[in-house]
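Take a look and give me a structure for this.
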Amino acid sequence: MEKRLFLAIILSICVLLVYSSISGQFLKKEPKNLNNSVEISQNIINKPIENEFEIPPLLEEVKNDSDSYKLFDNSKLQIKIDIFGGGIKEVFIKDYNSFIPQKNIVGIVGFDGENYKESIINDLITLSYSEKKSNLIINQEFEFEKDKYFWNFKIKITNNSKEKSYVNYGLILGSIENKILKNSVDQRYYEFSIAFQDSVLRKQLNSLNSLNLDKKPLWIGIRDRYFCSILISDTRITKIEKISNEKGLKFVAIPETIEILPGETKVNSFRVYTGPQTPALISEFEHSSEQIIHYGFFDTISKMLLGVLRTINKVCKNWGVTLIVFSILVFVVLSPLSIKSFSSMKKMQELQPEIEELKSRFKDSPQKLNKELMNLYKEKKINPFGGCLPVLLQMPIFVSLFQLLMRFVDLKGAKFLWISDLSLPDRVFVLSKSLPVIGNEINLLPIIMIITMLIQQKITTFKQTGAQDAAQQQKMMSLVMSVFFGIIFYHMPSGLVLYWTINSILMLVFQSRFLFAKNDKK
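Okay, the predicted model is just below:
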């Protein structure tokens with residue numbers, strides 16, 4: 001692969017990594033000054049009120065024993081329901097052997113927080129308590145399906161008083177611990193999304209402020225690298241409140257105020273998805289909510305490539321083999337651009353003796369030198385920038401693949417040869433002590449990639465004519481770029497590195513045949 005392509009790719013990776021790193025730092029807002037001793041405020045009054053009340057910060061876990069929660073299991077999920085707070089403490093995804101990082105999903109705030117009494121009927125879990133101060137009965141119902149990642153949630157509030165009541169409460173969408181948000185690798189993948197009829201608002205968690213909503217959202221979601229939680233509400237959500245403290249972030253949805261007559265029961269119903277970012281699964285939950293999956297600026301290209309990957313995997317049945325076939329396919333599709341780029345590079349190499357002669361003759365006259373160089377290019381019918389356009393056309397595909405494979409949940413836990421998980425580095429073995437730069441892991445694929453790239457660069461400069469200093473500089477540049485590229489990829493998911501290693505090997509074979517074929521014709 002020629003030097004310009006290396007530089008373009010390295011620049012693209014650097015832009016991606018730098019943007020991901022600084023977006024969470026410079027967009028981060030100062031946390032609200034909340035006191036951990038603040039109690040849940042009472043918001044049940046006998047006149048209409050505004051949808052504003054004080055929400056407590058992240059709470060200490062009150063109990064750890066098995067009496068404080070109830071487990072629900074189906075073939076996809078294991079869900080821990082908090083009996084004390086009445087919400088979902090945590091969700092375990094069985095197919096991927098992973099917890100969703102979001103905790104405390106659909107917990108209620110705004111009542112006095114007494115323990116709930118539980119009753120279980122098949123897949124319906126009901127929690128209830130009576131609020132003594134306002135004479136309200138609050139029931140929560142969790143209804144799960146056997147083989148699904150989504151479930152139903154209802155809040156039933158009965159007014160047992162003799163007066164009309166106006167009820168206002170908050171529904172916790174999820175909380176994220178600071179130890180996750182402080183990890184530069186993890187935090188850049190966290191995103192809060194709100195979908196409306198004509199648009200989707202996306203914000204990184206650290207850059208999101210509390211929001212007043214003037215229209216009803218279609219759905220609200222929080223996603224990380226591989227998983228997401230999505231809420232659909234039958235009642236209008238009027239505000240999203242963000243709570244920050246030393247423990248982390250909490251996001252609370254505030255529904256519109258409920259008017260309840262004496263003896264009346266009002267029901268707010270919600271549907272919730274907690275699972276992988278897989279379009280087919282999310283679309284089954286609610287078609288429009290699959291828009292929570294987003295791959296950045298080149299999202300459309302990424303989703304097209306995702307469709308190709310899934311089609312290939314239906315035949316290959318192994319994601320490692322799929323990535324190899326996919327790499328070959330992408331290489332073949334882009335080969336006309338590669339041929340054009342190599343042809344331009346070869347022509348420029350053949351002109352090097354004349355270019356060096358002109359540089360020597362007009363070294364004291366830059367303007368004259370540029371004029372003579374342009375005349376030379378015109379005479380030989382060579383476009384000096386002819387190799388740049390093919391490289392630039394390949395960059396959107398590379399960036400799209402980078403974003404896709406870094407987030408591709410299907411690679412999580414996928415095995416191939418010695419690789420136990422294609423979403424992690426390939427880890428041939430682990431050292432007892434850490435080494436500079438590479439840490440304590442020996443990853444084979446990045447090493448193969450570096451060697452392949454060094455051979456590539458060696459072939460590129462084979463029999464290249466020109467000044468000795470220029471040749472030496474290019475040789476040094478090739479070494480530095482290859483090592484730098486290997487360092488960047490060393491701790492990346494092995495699925496991404498496998499794709500790029502196969503691509504490098506194919507480019508090596510193609511390049512050697514192309515260049516040596518040209519030499520043979522001479």
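
so Asn313 makes contact with Thr322?
Yes. Using CB atoms under 8 Å, Asn313 is in contact with Thr322, at 4.3 Å. Where C-beta positions appear, they are placed from N, C-alpha and C, glycine not excepted.

Which residue of the two possesses the greater neighbour count?
Thr322 (26 against 18; other CB atoms under 10 Å).

For that one, pull up the helix or strand it's in.
Element membership for Thr322 (DSSP states H and E) is helix 319-350.

by contact count, what packs against that helix?
Here helix 319-350 touches helix 299-316, helix 388-407, helix 494-521, going by 3 or more CB pairs under 8 Å, 6 or more residues apart in numbering; DSSP states H and E.

Among the ones you listed, which comes closest to Ser434?
helix 494-521 (19.6 Å; CB to CB).

Would you check that Ile301 makes contact with Gln394?
No. Applying CB under 8 Å as the test, Ile301 and Gln394 come out as separate, 11.7 Å apart.

picking up where we left off before, I'd like the helices and strands packed on helix 319-350 laid out as CSV, including mean pLDDT and distance to Tyr96.
Output for the helices and strands packed on helix 319-350, formatted as CSV (pLDDT from 0 to 100; distance: least, CB to CB, whole Å):
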stretch, mean pLDDT, distance to Tyr96
helix 299-316, 91, 16
helix 388-407, 78, 13
helix 494-521, 76, 14
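
Let's have the ones you listed in a markdown table, adding distance to Asp364.
As requested, those are exported to a markdown table (distance: least, CB to CB, whole Å):
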| stretch | distance to Asp364 |
| --- | --- |
| helix 299-316 | 48 |
| helix 388-407 | 29 |
| helix 494-521 | 35 |
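
If you drop the residues flanking it in sequence, what lies closest to Gln291?
Nearest in space to Gln291, with sequence neighbours left out and distances taken as CB to CB, 6 or more residues apart in numbering, is Val200 at 5.3 Å.

Hmm, Ser289 and that neighbour touching each other?
No. In this structure Val200 lies outside contact range of Ser289 using CB under 8 Å: 9.9 Å.

who has more neighbours, those two?
Ser289 (25 against 17).

my read: the more buried one touches Ala195, true?
Yes. With contact defined as CB under 8 Å, Ser289 reaches Ala195; the gap is 7.0 Å.

so what's in contact with the two at the same time?
Leu218, Trp219, Gly221 (CB atoms under 8 Å, 6 or more residues apart in numbering).

Quick check: the first one touching Gln197?
Yes. Here Leu218 reaches Gln197: they are 6.7 Å apart, a contact under CB under 8 Å.

more neighbours, these two?
Between Leu218 and Gln197, Leu218 has the larger neighbour count (other CB under 10 Å), namely 16 against 9.

Can you give me the domain boundaries for the chain?
3-16+301-521, 39-54+65-294 (automatic domain parsing).

Which one of the helices and strands packed on helix 319-350 lies nearest to Lys182?
That would be helix 388-407 among the helices and strands packed on helix 319-350, by CB to CB, at 19.5 Å.

Could you please name the strands the helix or strand just after that closest one pairs with and the direction of each pair?
Next along the chain after helix 388-407, taking DSSP H and E as the criterion, comes strand 429-435. Partners of strand 429-435 in the sheet, by DSSP bridges, are strand 439-442 (antiparallel).

for the host helix or strand of Ser360, packing partners?
Ser360 is part of helix 352-361 when elements are defined by DSSP H and E. If contacts are counted by 3+ CB pairs under 8 Å, 6+ apart, helix 352-361 sits against helix 366-380.

can I get the CA coordinates of the helix it packs on in CSV?
Presented in CSV, the C-alpha positions along helix 366-380 are these (Å, rounded to 0.1, in the frame of the first residue of the first chain):
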residue,chain,number,x,y,z
PRO,A,366,11.1,27.7,-6.5
GLN,A,367,8.7,29.5,-8.9
LYS,A,368,10.7,28.4,-11.9
LEU,A,369,10.9,24.9,-10.5
ASN,A,370,7.2,24.6,-10.1
LYS,A,371,6.7,25.8,-13.7
GLU,A,372,9.1,23.3,-15.1
LEU,A,373,7.5,20.5,-13.1
MET,A,374,4.1,21.4,-14.4
ASN,A,375,5.5,21.4,-18.0
LEU,A,376,7.0,17.9,-17.3
TYR,A,377,3.8,16.5,-16.0
LYS,A,378,1.9,17.9,-19.0
GLU,A,379,4.5,16.6,-21.5
LYS,A,380,4.3,13.1,-20.0
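
buried sites along it?
Leu369, Glu372, Leu373, Leu376, Tyr377 (16 or more other CB atoms under 10 Å).

Adding pLDDT and distance to Leu171, write those out as JSON lines.
What follows is the buried residues of helix 366-380, written out as JSON lines (pLDDT from 0 to 100; distance: CB to CB, whole Å):
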{"residue": "Leu369", "pLDDT": "78", "distance to Leu171": "70"}
{"residue": "Glu372", "pLDDT": "76", "distance to Leu171": "73"}
{"residue": "Leu373", "pLDDT": "78", "distance to Leu171": "68"}
{"residue": "Leu376", "pLDDT": "76", "distance to Leu171": "71"}
{"residue": "Tyr377", "pLDDT": "76", "distance to Leu171": "67"}
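
Tabulate the residues you listed in TSV, adding columns for distance to Ser335.
Output for the buried residues of helix 366-380, formatted as TSV (distance: CB to CB, whole Å):
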residue	distance to Ser335
Leu369	36
Glu372	35
Leu373	30
Leu376	29
Tyr377	26
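
max-length strand in the chain?
In the chain, with assignment by DSSP state E, the single longest strand is strand 265-276.

how far does that one sit from the chain's center?
25 Å (CA atoms, centre = their mean, to the nearest Å).

Next secondary structure after that strand?
Defined by DSSP H and E, the subsequent element after strand 265-276 is helix 279-285.

Which strands and helices lie in contact with that following helix?
strand 227-233, strand 265-276.

partners of the first one, with directions?
Paired with strand 227-233 in the same sheet, following DSSP bridges, are strand 219-223 (antiparallel), strand 265-276 (antiparallel).

Only alpha carbons, please: show the shortest one as PDB.
Output of strand 219-223 as PDB, limited to C-alpha atoms (Å, rounded to 0.1, in the frame of the first residue of the first chain):
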ATOM      1  CA  TRP A 219     -39.100   6.500  22.300                       C
ATOM      2  CA  ILE A 220     -36.200   7.300  24.600                       C
ATOM      3  CA  GLY A 221     -33.000   5.200  24.700                       C
ATOM      4  CA  ILE A 222     -29.600   4.900  26.300                       C
ATOM      5  CA  ARG A 223     -26.900   2.800  24.500                       C
END
